[in-house]
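> Show me the folded form of this:
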Amino acid sequence: MTPDNVTYLPRGVRLHRCGVRNEWFLLAPERAMRLDEIGIAILSELDGARSVRDIVAGLAERYAAPAEMIANDVATFLSELHRRRMVEVQ
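This next block holds a predicted model:
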């Protein structure tokens, strides 16, 4: 995953909040992943238009954290989801 990649949730993959458990999940055909606050923050930024660099900058601003500290975590998280076919890259 490079800073210039643009990522998005492919057709059939969606964020879902379970009201009973009060938890967020990333749902895909025959797969589900429970998300923590960091995962939710990253995935809520995906819009198919902004690059990974832009997402990192937005998260850094929102959480008042240095972009250098979160860039690797964002790239690793999105790379793993891409490997699992739960995120697409353009």
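> show me the residues around the nearest residue to Leu9 once chain neighbours are set aside that make contact.
Excluding its sequence neighbours, the residue lying closest to Leu9 (CB to CB, 6 or more residues apart in numbering) is Leu46, at 6.0 Å. Every C-beta, even on glycine, is put in place using the N, C-alpha and C of the backbone. Taking CB atoms under 8 Å, 6 or more residues apart in numbering, we find Leu46 in contact with 7-9, 55, 87.
> ok now do Asn85, which residues does it touch?
Check again: residue 85 is Arg, not Asn. 10, 28.
> hmm, I was thinking of Ile38
So Ile38 contacts 73, 77 (CB under 8 Å, 6+ apart).
> I'd like the mean pLDDT over the helix or strand in which it is found, please.
Element membership for Ile38 (DSSP states H and E) is helix 37-43. In this model, helix 37-43 has an average pLDDT of 96.
> what does the next helix or strand along the chain from it contact?
Counting by DSSP H and E, the next helix or strand C-terminal to helix 37-43 is helix 52-63. By CB under 8 Å, 6+ apart, the surrounding residues in contact with helix 52-63 are 1-7, 41-42, 45-46, 50, 65-67, 70-71, 74-75, 78.
> and the residues you listed, which of them are in strands?
Counted as lying in strands by DSSP state E, out of the contacts of helix 52-63, are Thr7.
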